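Trainee: got a predicted structure plus its sequence, pasted below:
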Amino acid sequence: MSDPVSALNRAAFTGIAQIAETGLQGMITLRGDLASAVVIKAATAAAGTDMPARGEAKIKGEHGLCWMSPDEVLVLCPHAEVAMTIAAMEQVLAGEHALVVNVSDARAVFRVSGPLAREVLSKLAPVDLAPQAFRPGMMRRTKLAQVPAAFWMEDDRTFRIVCFRSVAQYVFDLLKVSAQEGSEVGVF
Amino acid sequence: MSTRLTGFGRLIDRSKPLRFTFDGKWMRGHPGDTLASALLANDQMLVGRSFKYHRPRGIVASGAEEPNALVNLGKGGRFEPNQRATTTELFEGLRAESQNRWPSLDFDIGSVNTYLARFLPAGFYYKMFIHPRPFWKHVYEPFIRQSAGLGRAPKDRDGDTYEHFHTHADVLVIGGGVAGLQAAKAAADTGARVFVLEQTAHWGGRAPVDARDEDRIAGQGAADWVAATVAELEAMPNVTLRLRCMGAGVYDHGYVLAYERLRDHAPDATGPRHRLWRIRAKQIISATGAIERPLSFAGNDIPGVMLASAVRDYVVNYAVSPGDRTVIATNNDDAYLTAIVLKKAGLDVPRIVDARAQGGGALMEAAKALGIRVDTGRAIAKVKGGKRVTKVQICAQAGEGGVLDEIACDAVAMSGGWSPVVHLWSHCGGKLFWDDAQAMFRPDAAHPPTGADGQGFVTCAGAASGALDMAHVLEDAHAAGLAAGKAAGGKAKRTKAPETTARADAPIEPVWLMPQGAKVELRTKTWLDFQNDVKVSDVQLAAQEGFESVEHAKRYTTLGMATDQGKLSNINGLAILSDALGQPIPQTGTTTFRPPYTPISMGAIGGEARGVVFQPIRRTPIHGWHEAHGADWEPVGQWRRPYAFPRKGESVHDAVMREVKNTREALGLLDASTLGKLIVKGPDAGKFLDMLYTNMMSTLPVGKCRYGLMCTENGFLTDDGVVARIDEDTFLCHTTTGGADRIHAHMEEWLQTEWWDWKVYVANVTEQFAQVAVVGPNARKVLEKLGGMDVRAEALPFMAWADGRIGDFDARVYRISFSGELSYEIAVRASQGLAFWEALMEAGAEFGAMPYGTEALHIMRAEKGFIMIGDETDGTVIPQDLGLDWAISKKKADYIGKRGQERAHMTDPGRWKLVGLETVDGSVLPDGAYAVGEGLNANGQRVTIGRVTSTYFSPTLGRGIAMGLVKHGPDRMGEVIDFPGTDGKTYRAKIVDPVFHDKEGAKQNV
């Protein structure tokens, strides 16, 4: 069995913030009626966290739930546990109109950390990232320059970014440019 | 001459020298200098030539409004033309060159135009070069282009980096003068998040220069108050202050672009050169100040004639005297300040010429007390001089210019009053009104730019709103700050504007022409637009010729169309136009103010998007392997796909031929990962797909595949692909590479807007899988060698799919073929895609495995007569045109596009239809060539009866093959038709069946 490989194989860069591809992360798209008790049970049991409200990410280590849209949550789990988790979710959801699908390999995941992490992301995403406006526990689906992306904060100085696997190199290069030496902004 | 003074110079650091060059000559300056002040300190008044007449041009202003002092700056990757010397901070080693002169600034051949000026009036080019018509393109335009233009275009790649920055503010204050600072303070006190932007490197705006000796703000001198207020704002956690950051444009929904110049003053520091701020603000305060207007008198463009406020700036800020003897011309009290400053600096002011019969107020008395002679009711008849002012002739303002007196001097300081900088107010629709008493257009607070809620979101403060003296400025700014803070959600505060000293100035008297009855000889020497060479006489001529609208007159004369966008010339020009039309100024109105306020760099607009991140490139999991194996790339959407894999010494064409042959005879591998893969699931999924595809999908058995067509509502073919039924409720729809995101959005749109009650969910899983097409007679052998699932025809027949294992990999295998060969398309997880590909290459070596690219794929599908979205379709083609009637269900009541296809034009038997084309001589038809028929159309052109949609050399058949759309094509099999090429040859081709190879499908179905 060949070992699965993430898009950039954990590439890293240090500028005014630390950038790293964090390897494969299990991700399962769950679409359904988010008010349905069965859907909630399938999601929360899989992730071991509460349901996120709009714009929220409930993260616990490698597990978590991210609010994606009024009828979609993203379930996070370790990459090796995806098949097991999907099977468990489908069992709970039997008879319910819902879609559970593995999207782990369709994505790349980055971590941007350091005191200037907010600045690095503010160069690329049209999101208010001031500390009073964006805090750990929040989640945004947005864009980084020219591609779609989503992110949440692990702590007050660390972002976790998800983008499509095919643009992993582009996003890594974007983050490198945005974290280049001498580009501190000094607003947050 | 102009020189460095021993006193004054609050912004320069005399202890440190800086060296720079102008036209190759070394000069000296100090940190804090602008390039303009440093040039003046080196007695370099002449800095360029005008656009049309190549007249000598000197520095006129001290800020963003400067029309003349434009230079080529830097060299190589840092070369940039049209840089304003007045806003360029000096640094060690700066290198500047004058523009629009040849061979040198002092001796310029083009200046002969100035003697031809009477033959080059407004509209000259339009009138002169219209006949004979063909001459414009071949003679006139090349010549005019040669002689026009200011700076040179850069030749090298930009050596700097740039970036954007997104931020949000409750209150954005643009302008860091006393008004901006006071407005920011008032807004910040309400608790609002406040941003303050200042375009220069210093806070305080004009106040430190223009404050009178007796002026006090809250008991302090202006400069002290500025320093104290900045310190106070810096200490507030809810306030952000940015210097060298210009508010460039205001747009809908409180969106503002600001242009920060980070490294222009320190080019060797690391980091980006410019940053474009993209700001969302709830409220915007435009505290952008006012710009002094020139006076219109003959010779006002001669170097040495400057704005009075600029003369003050150079003395006070930079310790530079523009001249030894300066004559002042004015229609308001402010210019007296200049006289007083010059006198204090020990310079001579031989005369103040005040156009007002009564003269000025307290300042005039102060000037007189210093011994300066003031002539009231007088005007400048003419300034004499060539590359520098030598004297002025004085006349009565009321007369026609009869000379009463002559004064030798080397500088003239003029003030025609002030125009509020209303640009940012106006960008998004703020209205203006004409204030007769102050002779200026001011923002009309009753008609601000409005947001989505119908409420105004821009307020002007201070001089920008028309408040000219300190007390009014501060009261106005304080009120604006409070209101904006409150409107943005802050807490109302009962704070007050600081106390200021009252002034006793005499009112301005509008003077649009000096003297008011200036004779034509004077008017043809009286400049309005210094950079574009527009004179009073030109605007009058435009009015006379019927260009009555200010927008028309502007374009006809080019008034205000230079790089300064008429900051000095617009109001004077439209006053002259109003006078010529015999109507009041407000009736003429202004031209439109458009962003950016001053030109911003292309680099800043592009931001980070250059080099490797210019555009996203999408890569499959196998991309790196292709790269390492010499792939010749083809862009497909944002993907890069291998076009072919040429070997060492092999041409791309030869590689394509080899890849086709090898795939047909042995084994080819194609990276098909880019194909779109959409999961459609739910009890209504079948019903949904029946609506999306022209054929029936709900009847597809689980485990089987079916080719389908998708149309737009108008019936045009938009995408195609193979659908696999995964289980009773779940389908996997393959789309074209470029269609994945578009078709996903199409599905979501129908589900969200029309069929929101259907139980269907869609997910785009395109990138979850790497997909490899294993194609050719040896395809089964390699899979059987790898082992795992049963891939024999009995277990996995053509158009079936199965899950299982191939070698070490979990795989989903589809028995589908786009080449006509035995073919398996195998999807594995993207994270194992590369390993799977490598396993296939290794195991396939003994069976002749070779990768093939998109061109081999294209040829093989064309040999089989398979259509390609984007080749055979172009948004105007329906499936029936392509002979795909078999894929259109007759049983279904409806599908998207059905009604469109029933319209008369779509059922017209004369529509061009798909056929195969075989050249008579075996050559390859040119791509896109049109077939011609008998006779001419209504335009006298040859009638066209068809066109080529795909054309290739087929290595399988050893000849050119093509597909095309031809009128009545399927009824004309065997006919030979003509395709005239753009190379002069006429290609002849026989109409044949589009399936060239293995029509029975024997090869794919084994």
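Mentor: Ah, there it is. Numbers count the residues shown, from 1 in each chain, chains lettered A, B, ... in the order given.
Trainee: find the nearest non-adjacent residue to the residue in chain A that chain B sits nearest to, please.
Mentor: As assessed by Cβ to the nearest Cβ, chain B sits closest to residue A:182 within chain A, at 2.5 Å. (C-beta placed from N, C-alpha, C; glycine too.) Once flanking residues are discounted, residue A:182 sits nearest to residue B:271: 2.5 Å by Cβ to Cβ, 6 or more residues apart in numbering or on different chains.
Trainee: how about the contacts made by the one you found?
Mentor: A:180-184, B:161, B:262-263 (Cβ atoms under 8 Å, 6 or more residues apart in numbering or on different chains).
Trainee: can we see that at 10 Å?
Mentor: By Cβ atoms under 10 Å, 6 or more residues apart in numbering or on different chains, residue B:271 lies in contact with A:16, A:180-184, B:160-161, B:163, B:262-263.
Trainee: who wins on neighbours among those?
Mentor: residue B:163 (26 neighbours; other Cβ atoms under 10 Å in any protein chain shown).
Trainee: what's around the closest residue to residue A:169 other than its chain neighbours, how many residues?
Mentor: Nearest non-adjacent residue to residue A:169, counting by Cβ to Cβ, 6+ apart: residue B:619, 6.1 Å away. By other Cβ under 10 Å, the residues close to residue B:619 number 22.
Trainee: can you check residue B:921 too?
Mentor: 10.
Trainee: next, work out how far apart it and chain A are.
Mentor: Distance of residue B:921 to chain A, given as Cβ to the nearest Cβ, to the nearest Å: 44 Å.
Trainee: nearest residue to the residue of the stretch 451-600 of chain B found nearest chain A in space, please, no chain neighbours.
Mentor: Per Cβ to the nearest Cβ, residue B:489 is where the stretch 451-600 of chain B lies closest to chain A, at 12.7 Å. Spatial nearest neighbour of residue B:489, chain neighbours left out: residue B:170 (6.4 Å); criterion: Cβ to Cβ, 6+ apart.
Trainee: which element is that neighbour on?
Mentor: strand B:162-174 (DSSP states H and E).
Trainee: may I have the helix or strand immediately after that strand in the chain as CSV, with CA atoms only?
Mentor: Downstream of strand B:162-174, the first helix or strand assigned by DSSP H and E is helix B:178-188. Extracted C-alpha coordinates of helix B:178-188, given in CSV (Å, rounded to 0.1, in the frame of the first residue of the first chain):
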residue,chain,number,x,y,z
VAL,B,178,-5.6,70.1,11.2
ALA,B,179,-9.1,69.3,9.9
GLY,B,180,-8.4,65.6,9.5
LEU,B,181,-6.7,65.3,12.9
GLN,B,182,-9.5,67.2,14.6
ALA,B,183,-12.2,65.1,12.8
ALA,B,184,-10.3,61.9,13.7
LYS,B,185,-10.1,63.0,17.4
ALA,B,186,-13.8,63.7,17.5
ALA,B,187,-14.7,60.4,15.8
ALA,B,188,-12.3,58.4,18.0
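Trainee: my guess is the residue of the stretch 451-600 of chain B closest to chain A contacts residue B:190. True?
Mentor: Yes. Under the criterion of Cβ atoms under 10 Å, residue B:489 makes contact with residue B:190 at 8.5 Å.
Trainee: work out the gap between the lengthiest strand in chain A and the centre of the chain.
Mentor: In chain A, taking DSSP state E as the definition, the longest strand is strand A:147-155. Taking Cα atoms, centre = their mean, to the nearest Å, one finds the center of strand A:147-155 at 5 Å from the center of the full chain.
Trainee: which of the three states applies to the residue nearest to residue A:182?
Mentor: coil (DSSP: H, G, I helix; E, B strand; the rest coil).
Trainee: what does the pLDDT read for it?
Mentor: At residue B:271, the pLDDT value in this model is 95.
Trainee: ramachandran angles for it?
Mentor: Dihedral pair for residue B:271: phi 110, psi 170, per degrees, to the nearest 10.
Trainee: which residues sit in contact with residue 61?
Mentor: Using chain A. A:48-49, A:76-78.
Trainee: oops, I was thinking of chain B
Mentor: Going by Cβ under 10 Å, 6+ apart, residue B:61 touches B:36, B:67-69, B:84, B:86-87, B:291-292, B:294, B:306-307, B:309-310, B:313, B:530, B:564, B:567-568.
Trainee: was I right about residue B:660 contacting residue B:854?
Mentor: No. Residue B:660 is not in contact with residue B:854 according to Cβ under 10 Å; the separation is 11.9 Å.
Trainee: quickly list what's touching both of these two.
Mentor: residue B:644.
Trainee: tell me which of those two has more neighbours.
Mentor: Neighbours were counted for residue B:660 and for residue B:854 using other Cβ under 10 Å; residue B:660 has more, 26 against 20.
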